[in-house]
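Engineer: Here is my input, please return the structure:
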Amino acid sequence: AVPATAEGVKAKHTHLTFQPIIVVIIVNAIMLIIIIVIVIATVVVLIIVIIAVINVVVIFFIVIVVIFIVIVVVTVAVAVAVIIVMIVVVIIATILVLITIASA
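Structural biologist: Numbering: from 1, shown residues only. Modelled structure (predicted):
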């Protein structure tokens, strides 16, 4: 039993005020840990998102480049094919004309 003197009351009082301080410190520590975890999680998520976005952009860019190359190749191929066909047609026409002139 604590004697009901000023010293005893003071001892009881400091004992009572001391515990909440520990509780506050513990709560603050827990909150700090939670905040740190949230911050780390947010940073990690952000990094993942940024990497994902960069990957998407890179993939998108590659797809566009591939499509562009395909279009160019197809266009060139078609152009070459058309030119070859035209040359062949001109040669055949010329030969036909020559044969016609020769036989006439």
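Engineer: count of residues packed around Ile36?
Structural biologist: 10 (other CB atoms under 10 Å). All C-beta atoms are positioned from the backbone trio N, CA, C, and that covers glycine.
Engineer: Give me the distance from the host helix or strand of it to the chain's centre.
Structural biologist: Assigned by DSSP states H and E, Ile36 falls within helix 6-103. In terms of CA atoms, centre = their mean, to the nearest Å, the centre of helix 6-103 is found 3 Å from the chain centre.
Engineer: Could you pull up the mean pLDDT of that helix?
Structural biologist: Helix 6-103 shows a mean pLDDT of 86.
Engineer: Could you check how far Val97 is from Ile83?
Structural biologist: 21 Å (CB to CB, to the nearest Å).
Engineer: let me redo that: Val24
Structural biologist: 86 Å.
Engineer: And for Ile48?
Structural biologist: Taking CB to CB, one finds Ile48 at 51 Å from Ile83.
Engineer: Now do Ala52: how many residues are near it, please.
Structural biologist: Ala52, neighbours per other CB under 10 Å, totals 10.
Engineer: So for the chain, the centremost residue is which one?
Structural biologist: In the chain, the residue lying closest to the centroid (CA atoms, centre = their mean) is Val53, at 1.6 Å.
Engineer: From Val39, how far out is Leu46?
Structural biologist: 10 Å.
Engineer: Ok, Ile99 next?
Structural biologist: 88 Å.
Engineer: contacting residues around Val88?
Structural biologist: Listed by CB atoms under 8 Å, 6 or more residues apart in numbering, the contact set of Val88 is empty.
Engineer: start the count at 14, not 1, going forward
Structural biologist: Done: numbering now begins at 14, and the last item shifts to Val101.
Engineer: Can I get stretch 91-106 in CSV, CA atoms only?
Structural biologist: Extracted in CSV, the C-alpha atoms of stretch 91-106 (Å, rounded to 0.1, in the frame of the first residue of the first chain):
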residue,chain,number,x,y,z
VAL,A,91,3.6,-4.3,-104.7
ALA,A,92,5.3,-1.5,-106.5
VAL,A,93,8.1,-3.8,-107.7
ALA,A,94,5.5,-6.4,-108.7
VAL,A,95,3.5,-3.8,-110.6
ILE,A,96,6.6,-2.5,-112.3
ILE,A,97,7.7,-6.0,-113.3
VAL,A,98,4.2,-6.8,-114.6
MET,A,99,4.2,-3.5,-116.6
ILE,A,100,7.6,-4.3,-118.0
VAL,A,101,6.4,-7.9,-118.9
VAL,A,102,3.2,-6.5,-120.5
VAL,A,103,5.2,-3.9,-122.5
ILE,A,104,7.6,-6.6,-123.7
ILE,A,105,4.8,-9.0,-124.6
ALA,A,106,2.9,-6.1,-126.3
